[in-house]
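A.B. asks: Got a sequence here, can you model it:
(2 chains)
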Amino acid sequence: DAEITQSPRHKITETGRQVTLACHQTWNHNNMFWYRQDLGHGLRLIHYSYGVQDTNKGEVSDGYSVSRSNTEDLPLTLESAASSQTSVYFCASSDGRGKPGELFFGEGSRLTVL
Amino acid sequence: DQQVKQNSPSLSVQEGRISILNCDYTNSMFDYFLWYKKYPAEGPTFLISISSIKDKNEDGRFTVFLNKSAKHLSLHIVPSQPGDSAVYFCAARMDSNYQLIWGAGTKLIIKP
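C.D. replies: Numbers count the residues shown, from 1 in each chain, chains lettered A, B, ... in the order given. As a prediction, this is how the structure comes out:
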């Protein structure tokens, strides 16, 4: 079955370290997204991509970067982790042909920055 | 400036009764409204949506109502079942860039 997987599922790191969260989907979807979920805020968009070599900043992109070298992967990098980036991160994908606004989410990556 | 608001952090409903989850929005440029359901340690999953030109959409036990004049939508679950216990997110799609704006979520607890 096609799916979207995130790794690691849990990560503890120290302030100032570089961290990369992986996202891999096998649906061949062009659109991929990274969100963070914090209590009281719902999901907030970090970065998104509409295809290979395309990346765009979302609502809360400061301190994060992404790259899209193939259709399947959109890794999220925190260049210098900060305590404010402690959160649960969700990757999602869509092909734009399903129900409007329908996204398919991974199971999430919980990041703790000490 | 929250464009999509879910003012109830939690809701407790008896099994078999109706669950009503509410959502308010401020931006008239939204073209679709969606509800997602999320279980602990899982990603959100799409539940039901409604176009801004409709006022009701039904899918089995789930019905979404849209009141554009009040900028309000609601999700009705009838009858409520134990498996409906989850966090429900309301989201709205911008017609200009198709991005989703999310509410903070409502935790629904179905009591036996």
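A.B. asks: interface residues of chain A facing chain B?
C.D. replies: A:4, A:40-45, A:48, A:58, A:90, A:92, A:96, A:99-108 (CB under 8 Å from any CB of the partner chain). C-beta coordinates here come from the backbone N, C-alpha and C atoms, glycine included.
A.B. asks: So which of those residues sit within strands?
C.D. replies: A:4, A:42-45, A:48, A:90, A:92, A:104-105 (DSSP state E).
A.B. asks: And these, which two are furthest apart?
C.D. replies: Within those, two members stand farthest from each other by CB to CB: A:4 and A:42, at 19.8 Å.
A.B. asks: picking that back up, give me the buried subset of the residues of chain A next to chain B.
C.D. replies: By neighbour count, with 16 or more other CB atoms under 10 Å in any protein chain shown, these hold A:4, A:42-45, A:48, A:58, A:90, A:92, A:100-106, A:108 as buried.
A.B. asks: Quick one: low-confidence residue ranges for chain A.
C.D. replies: Applying pLDDT under 70 to chain A flags residues A:1-2.
A.B. asks: Pick out the residue in it sitting closest to chain B.
C.D. replies: residue A:105 (2.9 Å; CB to the nearest CB).
A.B. asks: What distance do you get for that residue to residue A:43?
C.D. replies: 9 Å (CB to CB, to the nearest Å).
A.B. asks: tell me, what's touching those two both at once?
C.D. replies: A:90, B:44 (CB atoms under 8 Å, 6 or more residues apart in numbering or on different chains).
A.B. asks: quick one on the thing from earlier: name the residues linked to the residue of chain A closest to chain B by a beta bridge.
C.D. replies: As for beta bridges, residue A:105 partners with residue A:92 under DSSP bridges.
A.B. asks: So it is in contact with residue B:39, correct?
C.D. replies: No - in this structure, residue A:105 is not within contact of residue B:39 by CB atoms under 8 Å, at 11.4 Å.
A.B. asks: Just give me the neighbour total for whatever residue of chain B ends up closest to chain A.
C.D. replies: Nearest residue of chain B to chain A, counting by CB to the nearest CB: residue B:43, 2.9 Å away. Residue B:43 has 22 neighbouring residues, counting by other CB atoms under 10 Å in any protein chain shown.
A.B. asks: That one against residue A:103, yeah?
C.D. replies: No - the criterion here is CB under 8 Å, and residue B:43 misses it with residue A:103 at 9.0 Å.
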